[in-house]
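based on what follows, work out the 3D shape:
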Amino acid sequence: MIESNQIPASPAEAVFRLSTGMSAAAIVLAAARLRIADAVGDEPMPVRDIAVKLGADPDALTRMLRALAAFGVFRQVDPATYEHTDMSRAMRTDHPERVHDRLLTGGDWGWTMWSKLPQAIRTGKSAFKEEYGTDFFSYLDANPDAQDMIYRGVTAWSDPMLPGMVDALDLTGVRTFADMGGGRGALLRLVLQRNPHMNGLLFEDERTLRVVLDDLRTGELATRCRLVSGDFFEKVEYPADLYFFKLTLHMYDDEWVARALRSCAEAAAPGARVVIADPLLTDPPVHPFASSMDLHMLLVMGGRERTEEGYRAVFERAGLRFRGMTPTEGVLHLAEGEVVA
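Next comes the predicted model:
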């Protein structure tokens, strides 16, 4: 028997199949929230036993596991018994790739925002404030569980990309490296570990600085690391040879990005550089990731991903010389500008 997804699709059917991705996402994300993968042991397990561990309805769970098995997440031994596959094992909370954290990044607000996409396309503006009555970061401040989920999800996704980012960086002549909006400092720690001659600066808000990685607070790295709070849209007071923004500025429109770049330039000497690590839009698009993330930024923050020309324009708007793009091993590109006299 030929599975429906193996039947060659007409253009109309191909479009329809894209629309059914919502149900697939809902099934997998519900499994992550229920932590079904944690409840299943190493051996085939009766659904009734899994249901007891989860506090779930056995009939509903049977239907859920059947659907998951259809996607290759779990394997049906018989209609009342299931066992792990490589995909379901990857969803365990103790899996080293932290897929579970990545799956839960968006929480409830993520589902709600994607339903507002028609509105955002009509207006060209973020739909978040109209829906929740506040901006995204204020919402996270008022909802610690959502804040924790997005932090865990983003770091689970981005931390494996850090070595590739540092590999792609030209650190020639850099004595002071400033990690702007660098979270707990995982990138800065890696830069300082690889470059013992270098000093570092972590620029973050006061709350985040209270949970900075211990390596940057104590020991040898701490002697080369300065923790600084502030608002880089308003003023940057500390000179550096390289200012690095990772997965930060794509949340903002061109006017706000130019303000951040200009703040860095005003603090630095000519020849200092500013690097932005974000997805790169291309025309024509070669992969749906960047263009999908572009719409996500519009919905949530009113921000955007950028083409190479878009990066050039925003650097020049801030008075910096655009030096070009550098790919990394992951999905991010490095856009670089130089401070001019």
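
contact partners of stretch 80-96?
Contacts to stretch 80-96, defined as C-beta atoms under 8 Å, 6 or more residues apart in numbering, come from residues 28, 31-32, 35-38, 40, 42-48, 50, 62, 65, 68-69, 71-77, 97, 99-100, 103. C-beta here means a position set from N, CA and C on the backbone, and glycine is covered the same way.

among those, which ones are in strands?
When DSSP state E is applied, the contacts of stretch 80-96 are split such that 45-46, 75-77 fall in strands.

which among those residues end up buried?
The neighbour count (16 or more other C-beta atoms under 10 Å) marks 45, 75-76 as buried among the ones in strands among the contacts of stretch 80-96.

return the member of the residues you listed nearest to G182.
R75 (41.9 Å; C-beta to C-beta).

tell me how far the closest one lies from R66.
Separation of R75 from R66 (C-beta to C-beta, to the nearest Å) stands at 11 Å.

and M149, by the same measure?
Applying C-beta to C-beta, the value for M149 to R66 is 28 Å.

so for those two, which sits in the more crowded spot?
Taking neighbours as other C-beta atoms under 10 Å, M149 and R66 compare with M149 leading, 21 against 14.

what sits against that one?
By C-beta under 8 Å, 6+ apart, the contact list for M149 reads 101, 104-105, 107.

and if we set it to 7 Å?
Counting by C-beta atoms under 7 Å, 6 or more residues apart in numbering, M149 touches 104-105, 107.

same check, this time on M251
297, 301, 303.

ok, the residues you listed vs A290, which is closest?
The nearest member of the contacts of M251 to A290, counting by C-beta to C-beta, is M297 at 10.4 Å.

what's the neighbour count on the closest one?
Counted with other C-beta under 10 Å, residues neighbouring M297 total 20.

got it, and the one 3 residues further on?
V300 has 22 neighbours, counted by other C-beta under 10 Å.

isn't it up against M113?
Yes. V300 is within contact range of M113, at 5.8 Å (criterion: C-beta atoms under 7 Å).

hey, what's in contact with both of the two?
Contact with both V300 and M113 is made by residues F128, according to C-beta under 7 Å, 6+ apart.

buried residues in stretch 121-133?
By neighbour count with 16+ other C-beta under 10 Å, stretch 121-133 contains the buried residues 126-128, 131-132.

please apply the same query to stretch 317-329.
Residues 318, 320, 322-323, 326, 328 are the ones in stretch 317-329 that count as buried (16+ other C-beta under 10 Å).

do the same with stretch 24-43
The neighbour-count criterion (16+ other C-beta under 10 Å) identifies 28-29, 31-32, 34, 36-37, 39-40 as the buried residues of stretch 24-43.

what's the neighbour count on P288?
Other residues within reach of P288, judged by other C-beta under 10 Å, total 9.

look at it and report its pLDDT.
Note for P288: predicted pLDDT of 94.

what does it show for phi and psi?
Here is the backbone geometry of P288 (degrees, to the nearest 10): phi -70, psi -10.

how near is it to G106?
17 Å.

got it, and V174?
V174 sits at a distance of 35 Å from G106 (criterion: C-beta to C-beta).

where does pLDDT dip in the stretch 151-300 of the chain?
Nowhere does the stretch 151-300 of the chain drop to pLDDT under 70.

the residue sitting nearest the centre point of the chain: which element?
With distances taken as C-alpha atoms, centre = their mean, the residue of the chain nearest its centroid is V154 (4.0 Å). For V154, the element it lies in under DSSP states H and E is helix 144-158.

now that helix: how far from the chain's centre is it?
9 Å (C-alpha atoms, centre = their mean, to the nearest Å).
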